[in-house]
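Undergrad: Let me see the structure of the following:
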Amino acid sequence: MTAIKHALQRDIFTPNDERLLGIVNVCKAGKKKKNCFLCATVTTERPVQVKVVKVKKSDKGDFYKRQQAWELRDLTVVDAKDASKENPEFDLHFEKVYKWLASSTAEKNSFISCIWKLNQRYLRKKLEFVNVSSQLLEELPKAEESVPSGESQSVAGGDEDALEEYQELSAREEQDIESMMEMCEFAVSNAEAFAEKLFKELQVLDGANIQSIMASEKQVNILMQLLDEALAEVDTIEGKLSSYEEMLQSVKDQMDQISQSNRLIQISNTNNGKLLDEIQFLVNYMDLSKGHIRALQEGDLTSPRGIEACISASEALLQCMNVALRPGHEQLAAVNQQQKLFAELRDTFARRLTNHLNNVFVHQGHDQSSTLSQNTAELTLPKHSPLHRDLLRYAKLMEWLKNTHREKYEGLSRTYVDYMNRLYEREIKDFFEVAKIKMAGTSKEAKGKFATLPRKESALKQETESLHGSSGKLTGSTSSLNKLTVQGSNSRRSQSSSLLDMGNMSASDMDVADRTKFDKIFEQVLSELEPLCLAEQDFISKFFKLQQHQTVLPPLAQPETEEADGSVPSRMPPQADHRHSLSSEKDMVRLMMNKIFQSIEPELNSLIALGDKIDSFHSLYMLVKMSHHVWTAENVDPASFLSTTLGNVLVTVKRNFDKCISGQIKQMEEVKISKKSKVGILPFVTRFEEFAELAETIFRNAERRGDLDKAYVKLIRAVFMNVEKVASESQKTPRDVVMMENFHHIFSTLSRLKISCLDAERREAKHKYTDHLQSYVINSLGQPLEKLNHFFEGVEARVAQGVREEEVSYQLAFNKQELRKVIKEYPGKEVKKGLDNLYKKVDKHLCEEESLLQVVWHSMQDEFIRQYKHFEGLIGRCYPGSGITMEFTIQDMLEYFSSIAQSH
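TA: Below you'll find the model as predicted:
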């Protein structure tokens, strides 16, 4: 290994100004053994750099080459694997972990020791040595530690031991050596003589030192005598100090007694102070003034000043009762006495407050009931703001009762709900009675309109009253109101009424004023109910202090029972839901509102049923109004009673709207046409037009436009299907005429109203109208020139069979003589007569409402001219040079059509 070390130093490290200080023969652990050397080196130039170099022997020769090098400052961990057993494996952690297997444990330990010493001398970084014996990690001598690490050092022999023995001369030492060598002329030329001279001088100096020590013996004896005198003086001082200590010991005992007395006095003062604090605490927090006690026992709960005094007293009492007592206070008789007094005052005041508020609820309910007759004539609900204003003075007392006496608080809640339920039930019932009377037309304003109806007013009112008996369940016959008909109308609906059984549809032939009146009544009902519910809900939240999000028990613990007439309120939850406490105070508010206003939803459903019974088109108005109010309520509070109730009623309104659409579709399917008169515009087509005009007016800015669009699609598809059905069954009027007139009317209606969701149906209606117009024109024009048509059809058939056009005239049945004979049968006078008969026939087929006669006549003129040009073309191709022409010209034909149209 020494030879290898010198070879490596000579061949690899000396050319790079480096010194080799440690070496170990290794191979990579776990792989095929390829030996290499790990070398620890330092540079000879400043600043000194310490490296670990991997050197490998070349495969082609005996020389070595430098393969890889790492800076020692990049080394973080040296892991020797096992400190107690001999193990040649070790790891070096640079940027990654390198695992090595040394040729022997001694070489590994020597290399690790060299690494540790180089780190201590040059870097002094925090390098972690794991599983390394402490014997290898010895501290360097202090002399070596004082040597600056940055100075270059010359190591004789180049190994690590020489590095440790070497000490560099200081500047002063170098200067002394130089001056000594200058004094001796042969210091350089004869080193042995110089060394002998120095040795002799050193012996002279040693002798002088010995003589100096022997000469100082007398001074030493004098010094020893002085020391003996000093020891005697110390003994004297120690005796005096002992006497002083005995005197101070008695003083110390007295001071200890005084200190003990002071400590006891301090403890007594501390205890007295704590006792005073406890007494002051109890006096401050558990003492109730006489004024507060008097207010709780005898305070006036009717006057504002008395209520304020009771509020202050109740808050003081609650504060005294809720004070957090310190440990041991419960055992004090005075504390127990005060707590008993507070409990008695709480119970007494809670009883007084409960009785007073119960009386207030009863009296206010009776007073409010006496004023109901003032609002029956008009469609308004009584205002309860005075009642709410009077009761809100007790809101803080209700909060106190809620925190101190929950049973009485819940009892008051039930009492309030019961009385207000009765009060609101009477008010709402009377309010809806007025609304139904106004809606049914039994009031003075509507008597004139129903004077001509086949039914008596009393019968209608009697049927209206029958709607109220079952909380919204309709018991009357729907056919009785559907048979309302308006007499004396000369409109086109009355002209076509003979074709259809319109008894079921005439109930919706009310004028716009009546429907507008219904719309106003329904809007007035909703506008009155909405602020009433919101005001009551706001009062309940404030009065019963239900704004906080805490879990409370519901005051309404009793399950809902059936009403007197057997109906069950739809808004009350089932009995099982009352067995559990509500999760939040919002649920408590909603439950109280459901109990108070349990009659609103049945009354609204009853009113909606009556409006739908009077006129099914009323469902359009109700759907728009109800949707708007639901949307407004949900924006305020989606979970409120008003929002939930109106949402449920909206479902009923939407169901009635769907029923109205289905009813119209059913009426279309059940239509029957007359066999004695022409069909004209079908009544359900006219009714769709009325529906669309009314709906577009009502839904102009509505939130539920999508429902109307879906209804439009259902209705228009039913109209299309039933128009085709009626046209196929028509015997008096040709199918093409029925289709043409009705689809033209549908197209005109859709074009005028510009309903975007029916654009495809509008285009389809136009297409059907155009197709059937063309079909009717073609079928009708075959009659005036029948023989001429048959002749040229035969000519075209011969050409289609392969006969050349110029050879057709040689056919016996189609020669020139036959052609002239057929043409002579249709002189201009005869053609005009045929056209006149055709005009009369078309006029008989078409109805007056749609005014399509001139459109059809003009289309026939165009078709006739087209046929005329076609015949002339065939004559020119099949009979060339014959000079045969029609006996009338296109100009004559135009005059015929014009004169016939003007004459009629």
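Undergrad: domain parsing for the chain?
TA: 1-136, 193-232, 405-441+513-547+588-656, 671-782, 796-902 (the TED database).
Undergrad: how about the ones you listed in CSV, adding distance to Gln664?
TA: Backbone N, C-alpha and C define where each C-beta goes, glycine included. Output for the domains of the chain, formatted as CSV (distance: least, CB to CB, whole Å):
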stretch, distance to Gln664
domain 1-136, 86
domain 193-232, 137
domain 405-441+513-547+588-656, 8
domain 671-782, 6
domain 796-902, 20
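Undergrad: Which of those domains sits closest to Lys290?
TA: domain 405-441+513-547+588-656 (23.2 Å; CB to CB).
Undergrad: now for the helix ranked longest in the chain, which elements pack on it?
TA: If you go by DSSP state H, the chain has its longest helix at helix 217-285. Taking 3 or more CB pairs under 8 Å, 6 or more residues apart in numbering; DSSP states H and E as contact, there are no helices or strands that helix 217-285 lies on.
Undergrad: hang on, the earlier thing: hey, which of the domains of the chain is tucked in deepest?
TA: Among the domains of the chain, domain 405-441+513-547+588-656 has the highest mean neighbour count (mean count of other CB atoms under 10 Å), at a mean of 20.
Undergrad: ends of that domain, how far apart?
TA: 49 Å (CA to CA, to the nearest Å).
Undergrad: Likewise for stretch 809-828?
TA: End residues of stretch 809-828 are separated by 25 Å (CA to CA).
Undergrad: Let me see the mean pLDDT of that stretch.
TA: Looking at stretch 809-828 alone, the average pLDDT works out to 82.
Undergrad: With stretch 785-805 instead?
TA: 83.
Undergrad: Pretty sure Gln68 sits in a strand.
TA: Yes. Under DSSP: H, G, I helix; E, B strand; the rest coil, Gln68 sits within a strand.
Undergrad: which helices and strands does the strand or helix carrying Thr749 pack with?
TA: Here Thr749, judged by DSSP states H and E, is contained in helix 735-753. Helix 735-753 is packed against helix 683-698, helix 705-729, helix 759-781, with contacts defined by 3+ CB pairs under 8 Å, 6+ apart.
Undergrad: average pLDDT for the shortest one?
TA: It refers to helix 683-698. Averaging pLDDT along helix 683-698 yields 85.
Undergrad: Now do the strands in the stretch 101-250 of the chain.
TA: 128-130 (DSSP state E, counting those that start in this stretch).
Undergrad: about what we covered before: so for Trp116, which of the helices and strands packed on helix 735-753 sits nearest?
TA: Trp116 lies closest to helix 705-729 among the helices and strands packed on helix 735-753, at 85.8 Å (CB to CB).
Undergrad: any residues touching the closest one, and which ones?
TA: Helix 705-729 is contacted by residues 620, 623, 654, 657-658, 661, 664-665, 668-669, 671, 673, 679, 682, 684-685, 688, 691-692, 695, 699, 702, 735-736, 738-739, 742-743, 746, 755, 757-758, 761, 764-765, 768 when judged by CB atoms under 8 Å, 6 or more residues apart in numbering.
Undergrad: angle of that helix against helix 735-753?
TA: 160 degrees (axes from the mean of the first three to the mean of the last three CA atoms, to 10 degrees).
Undergrad: other SSEs contacting whichever strand or helix holds Val856?
TA: Element membership for Val856, per DSSP H and E: helix 853-878. Applying 3+ CB pairs under 8 Å, 6+ apart, one finds that helix 853-878 contacts helix 759-781, helix 786-800, helix 828-845, helix 890-903.
Undergrad: want to try JSON lines for those, with distance to Ala171 as columns?
TA: Formatted as JSON lines, the entries for the helices and strands packed on helix 853-878 read as follows, by distance: least, CB to CB, whole Å:
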{"stretch": "helix 759-781", "distance to Ala171": "109"}
{"stretch": "helix 786-800", "distance to Ala171": "135"}
{"stretch": "helix 828-845", "distance to Ala171": "139"}
{"stretch": "helix 890-903", "distance to Ala171": "139"}
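Undergrad: Between the ones you listed, which one is closest to Gln219.
TA: Among these, helix 759-781 sits nearest to Gln219 (CB to CB), with 135.6 Å.
Undergrad: Relative to the whole chain's centre, how far out is the longest helix of the chain?
TA: 78 Å (CA atoms, centre = their mean, to the nearest Å).
Undergrad: pLDDT-wise, which helix or strand of the chain ranks last?
TA: helix 478-482 (a mean of 29; mean pLDDT, DSSP states H and E).
Undergrad: Could you list which residues are in contact with Phe94?
TA: Phe94 touches 70, 74-76, counting by CB under 8 Å, 6+ apart.
Undergrad: 10 Å - rerun?
TA: Counting by CB atoms under 10 Å, 6 or more residues apart in numbering, Phe94 makes contact with 52, 70-72, 74-77.
Undergrad: What of Thr76?
TA: 92-95, 97, 125-128.
Undergrad: The helix holding Val856 vs helix 786-800, what angle?
TA: Using the same axes, to 10 degrees, helix 853-878 lies at 50 degrees relative to helix 786-800.
Undergrad: tell me the angle helix 853-878 makes with helix 828-845.
TA: Using the same axes, to 10 degrees: helix 853-878 against helix 828-845 is 140 degrees.
Undergrad: Renumber starting at 579 from here on
TA: With the count now opening at 579, the last piece we talked about shows up as helix 1431-1456.
Undergrad: any idea how far Phe777 is from the nearest residue to Trp694 once chain neighbours are set aside?
TA: Nearest-residue entry for Trp694: Leu715, 5.3 Å, with adjacent residues in sequence omitted and distances by CB to CB, 6 or more residues apart in numbering. Distance of Leu715 to Phe777, given as CB to CB, to the nearest Å: 41 Å.
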